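Student: Here is a sequence together with a model predicted from it:
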Amino acid sequence: EVEVVESGGGVVPAGGSLRLSCVVSGLDDYSVGWFRQAPGQQREAIACPGSARGYTHYSQSVRGRFTVSSGEAANTVFLQMNNLNSADTAVYYCTADESAVCAGVGYWGRGTLVTVSS
């Protein structure tokens with residue numbers, strides 16, 4: 001059984017930082033993508049693996065502030081979020097798939113809520 005679990009959300013003041021974790025189990029060869037959904041808005045892809053190994057494509061809304069990295073455990077991926085602002089308030093999801101992970105048809109977690117207070 002495949003399981004994707006996000007954690008690390010919470011309330012953070014504007015300008016602060018937060019690190020989210022994504023743990024994937026039940027898959028052997030996969031990539032991880034990060035999405036978010038703000039209240040009343042559609043889900044958007046914010047960090048997706050590129051075609052080049054080790055390259056991550058970031059959405060314009062988070063580029064330069066968010067960074068994806070791998071944990072020491074092979075099945076853990078982090079999303080480091082810096083200089084947060086109110087527009088970053090959203091439920092954050094990670095998704096795992098064997099290919100085209102940001103097509104959004106892979107395995108999803110339940111999400112973790114990030115609230116940025118002004």
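Tutor: Received, thanks.

Student: Let me see the contact set for Arg43.
Tutor: With contacts defined as Cβ atoms under 8 Å, 6 or more residues apart in numbering, Arg43 is in contact with 35-37, 93, 104. (Each C-beta comes from the backbone N, C-alpha and C, glycine too.)

Student: Kindly report the same for Ser17.
Tutor: So Ser17 contacts 80-84 (Cβ under 8 Å, 6+ apart).

Student: cutoff 6 Å now
Tutor: Residues in contact with Ser17 (Cβ atoms under 6 Å, 6 or more residues apart in numbering) are Asn82.

Student: and the gap between it and Gly54?
Tutor: Using Cβ to Cβ, to the nearest Å, Ser17 is found at 23 Å from Gly54.

Student: now swap in Cys48 and tell me
Tutor: For Cys48, the distance to Gly54 - Cβ to Cβ - is 13 Å.

Student: what residue ranges in this structure are flagged as low confidence?
Tutor: Within the chain, no stretch has pLDDT under 70.

Student: Sketch out the strands for it, chain order is fine.
Tutor: 3-7, 10-13, 18-25, 31-37, 44-49, 56-58, 66-70, 76-81, 90-97, 107-108, 112-117 (DSSP state E).

Student: Distance from the chain centre to the second one, please.
Tutor: Its chain's average C-alpha position is 16 Å from that of strand 10-13, according to Cα atoms, centre = their mean, to the nearest Å.

Student: Packing partners of that strand?
Tutor: strand 112-117 (3 or more Cβ pairs under 6 Å, 6 or more residues apart in numbering; DSSP states H and E).

Student: All set now, cheers.
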